[in-house]
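Chemist: Provided below for reference: sequence and predicted model.
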Amino acid sequence: MLRLANELGMRRGEVARVWPEEDLVRDSLGWALVVHGKGSRERVLPLPDDLASALLEAPSGYLFPSRSGSHLSAHWIGTLVTRALGDGTTMHQLRHLCATEVHAQTHDLRLVQTLLGHASLSTTQRYIAVEDCAVRDAIANRSRQWKER
């Protein structure tokens, strides 16, 4: 649960519905996961090799099955993750962290939008935190460039 939320930015409802036998696909570069998102939209996310291996070794059926034979509820997934972290961090905060860190690495807002499965770019923008020091550095660099002209 933690890895799917933190590394892939998946929503708790998306994590709940992972069925490795059906959702793992091979592409030209390795393994990927079909994510069943909001509004019945699907997206395909590349997987790190070790995460793909763990999912391939999972028992048949939902990755996080319920007693009824279906999957755990999104609410229960969120509760379990918050309990596991123990510091009050929520699954949604992990999703925001994933978005912020991927954006910091790539500077590609469209890539982050695709990763998170957002229909609107404006929604993605709200997920990305901007560090105060990054703003300060950008202004200092711009000022320095103008002084050199």
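Modeler: Cool, the structure landed. Numbering: from 1, shown residues only.
Chemist: Now the nearest residue to G117 once chain neighbours are set aside: phi and psi?
Modeler: Distances taken as Cβ to Cβ, 6 or more residues apart in numbering put G37 closest to G117, at 4.2 Å, once the chain neighbours are dropped. From N, CA and C alone the C-beta is placed, and that goes for glycine too. Backbone torsions for G37, taken as degrees, to the nearest 10, come to phi -90, psi -170.
Chemist: For G37, which residues are in contact?
Modeler: 11, 14, 43, 117 (Cβ atoms under 8 Å, 6 or more residues apart in numbering).
Chemist: The helix or strand hosting A54 packs against which elements?
Modeler: Assigned by DSSP states H and E, A54 belongs to helix 49-56. On a contact count with 3 or more Cβ pairs under 8 Å, 6 or more residues apart in numbering; DSSP states H and E, helix 49-56 meets strand 24-27, strand 30-36.
Chemist: What ranges does the protein have for its helices?
Modeler: 2-8, 12-16, 20-23, 49-56, 74-85, 91-106, 109-116, 121-127, 132-148 (DSSP state H).
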